[in-house]
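> Need a 3D model of the following:
(one chain, ligands or ions: 2)
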Amino acid sequence: MAVGPKSAADLSMIDPFGRAVSYLRVSVTDRCDFRCVYCMSEDMAFLPKKDLLTLEELDRLCSVFINKGVKKLRITGGEPLVRRDIMTLFHSLSKKLGNGLEELTLTTNGSQLERYAHELAACGIKRINVSLDTLDAAKFKSITRWGDLDRVLAGIKAAQKAGLSIKINAVALKGVNDTEIEPLVRWAHEDGMDITFIEVMPMGDIEPDRFDQYWPLTEVKDHLSKSFTLSDIDYQTGGPARYVRARETGGRIGFITPLTHNFCESCNRVRLTCTGMLYMCLGQDDSADLRAALRASTDNHLVSQAIDNAILRKPKGHDFVIERTHSRPAVTRHMSVTGG
Ligand code: SAM
Ligand code: SF4
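Numbers count the residues shown, from 1 in each chain. Ligands and ions are numbered 1, 2, ... in the order given. This is a model prediction of the structure:
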């Protein structure tokens, strides 16, 4: 068969199951100013700074992905807004909006939003995800260990004032925030925010045992049905959440169910870590080292080839299973490495 020059269609990233990869999540740091109990241990060891890609390298890698068909870019972490000079990356990525990139967004714990909300909006960011599991200050402290609820709420206000639309992400934790699911929905909807619930995932070796806190979202939905009339809606954000609308508030509630529902079949995402490792699946350990290819040449050809090879290894789905006989993590890296 004759092999001609690559056409524009050849440049897009199609995995072995025919899924086009159009969504890149980039964890810009593994560090964080919180220590959420389900995400990190209190004495987390972080990567040496010298192992991190520079902001220029991250920008270069993102550009290669955009040229190869990425339309949505989510910046995450660790806490992305604690990385030094992070706004320079947002400014340079914002120039790609309308030039292949359709959406630039971020997931944050909200602690730095008061400071950065206006600049983020000026960079063309329209929507952000803010993680918040409770509105009770003492409980917030016990979940995040180091977080301050008032500061996050002030950050949310600042973001709204800057014109950013906000989706709240809450991890549903049995015995921890189960009494707050309904108040969280009412609070979010009253303020015009969507809210999405996430099942706790077995990632990273952390005490206490998260299986004690595992609360299937099928049960969360049943619980919410007692207070709200929920109807399925066909709303998509490009992510894995399935949405319902609550008639009483008119707002949307999303459910991300990695354990009870296999959300893999329509997966269009890959994840890049702050050291340049590309993970083709959140729930699998296989990765490709893009840093080596990036640093080997100033030409992007090698890194583009490394991405193509990696996409060919994208698995059909993850291996998270609910096994109550043991509590080892399904994936040993922490969520803060690959980002949420
Ligand atoms: N620091 C930012 C934040 O908290 O939004 C961004 C990174 S954080 C790793 C992204 C999301 O992952 C958060 O919504 C967090 O609640 C969620 N997360 C962390 N560990 C998790 C786990 N073990 N299971 C489910 N979600 C988790
Ligand atoms: Fe930090 Fe986000 Fe992990 Fe909480 S969930 S420790 S805020 S990275």
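> how about the helix or strand containing residue 57 as PDB, C-alpha atoms only?
In the assignment (DSSP states H and E), residue 57 maps to helix 55-67. What follows is helix 55-67, C-alpha atoms only, in PDB (Å, rounded to 0.1, in the frame of the first residue of the first chain):
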ATOM      1  CA  LEU A  55       5.300  26.200  31.900                       C
ATOM      2  CA  GLU A  56       6.800  26.700  28.400                       C
ATOM      3  CA  GLU A  57       7.100  22.900  27.900                       C
ATOM      4  CA  LEU A  58       3.500  22.400  29.000                       C
ATOM      5  CA  ASP A  59       2.400  25.100  26.600                       C
ATOM      6  CA  ARG A  60       4.400  23.400  23.800                       C
ATOM      7  CA  LEU A  61       2.900  20.000  24.500                       C
ATOM      8  CA  CYS A  62      -0.600  21.400  24.700                       C
ATOM      9  CA  SER A  63      -0.100  23.100  21.300                       C
ATOM     10  CA  VAL A  64       0.900  19.700  19.800                       C
ATOM     11  CA  PHE A  65      -2.200  18.200  21.100                       C
ATOM     12  CA  ILE A  66      -4.400  21.000  19.800                       C
ATOM     13  CA  ASN A  67      -2.800  20.600  16.400                       C
END
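> now what about the helix or strand that comes right after it, what contacts it?
Moving toward the C-terminus from helix 55-67, the next helix or strand (DSSP H and E) is strand 72-76. Contact with strand 72-76 is made by 22-28, 62, 65-66, 86, 89-90, 93, 101-107, 238, 339-340, as judged by Cβ atoms under 8 Å, 6 or more residues apart in numbering. Heads up, the C-betas are built off the backbone N, CA and C, glycines and all.
> can you tell me which of those are in helices?
Those of the contacts of strand 72-76 mapping onto helices are 62, 65-66, 86, 89-90, 93, per DSSP state H.
> Residue 250 contacts residue 189, correct?
Yes. Using Cβ atoms under 8 Å, residue 250 is in contact with residue 189, at 7.0 Å.
> And those two? Which one has more around it.
Each of residue 250 and residue 189 has its neighbours counted (other Cβ atoms under 10 Å); residue 189 has more, 21 against 9.
> quick one: contacts for the more buried one?
With Cβ under 8 Å, 6+ apart, residue 189 has these contacts: 195, 246, 249-251.
> Quick check: the farthest pair among these?
195 and 250 (12.9 Å; Cβ to Cβ).
> interface residues of the stretch 151-300 of the chain facing ligand 1?
169, 171, 198, 200-201, 203 (Cβ under 6 Å from any ligand atom).
> What is the nearest of those to ligand 2?
For these, the closest approach to ligand 2 (Cβ to the nearest ligand atom) belongs to residue 171, at 8.0 Å.
> Next, give phi and psi for the closest one.
phi -80, psi 130 (degrees, to the nearest 10).
> Give me the nearest residue to it, chain neighbours excluded.
Among residues not flanking residue 171 along the chain, residue 198 sits closest, at 5.0 Å (Cβ to Cβ, 6 or more residues apart in numbering).
> what helix or strand does the one you found sit in?
Going by DSSP H and E, residue 198 is part of strand 194-199.
> Next, count neighbours for the residue of the stretch 101-250 of the chain with the smallest separation from ligand 2.
In the stretch 101-250 of the chain, the residue that lies nearest ligand 2 is residue 109 (3.5 Å; Cβ to the nearest ligand atom). Residue 109 has 26 neighbouring residues, counting by other Cβ under 10 Å.
> Ok, residue 294 next?
Residue 294, neighbours per other Cβ under 10 Å, totals 20.
> Mind checking which of the contacts of strand 72-76 are buried?
22-28, 62, 65-66, 86, 89-90, 93, 101, 103-107, 339-340 (16 or more other Cβ atoms under 10 Å).
> Tell me if residue 115 really is in a helix.
Yes. Assigned with DSSP: H, G, I helix; E, B strand; the rest coil, residue 115 falls within a helix.
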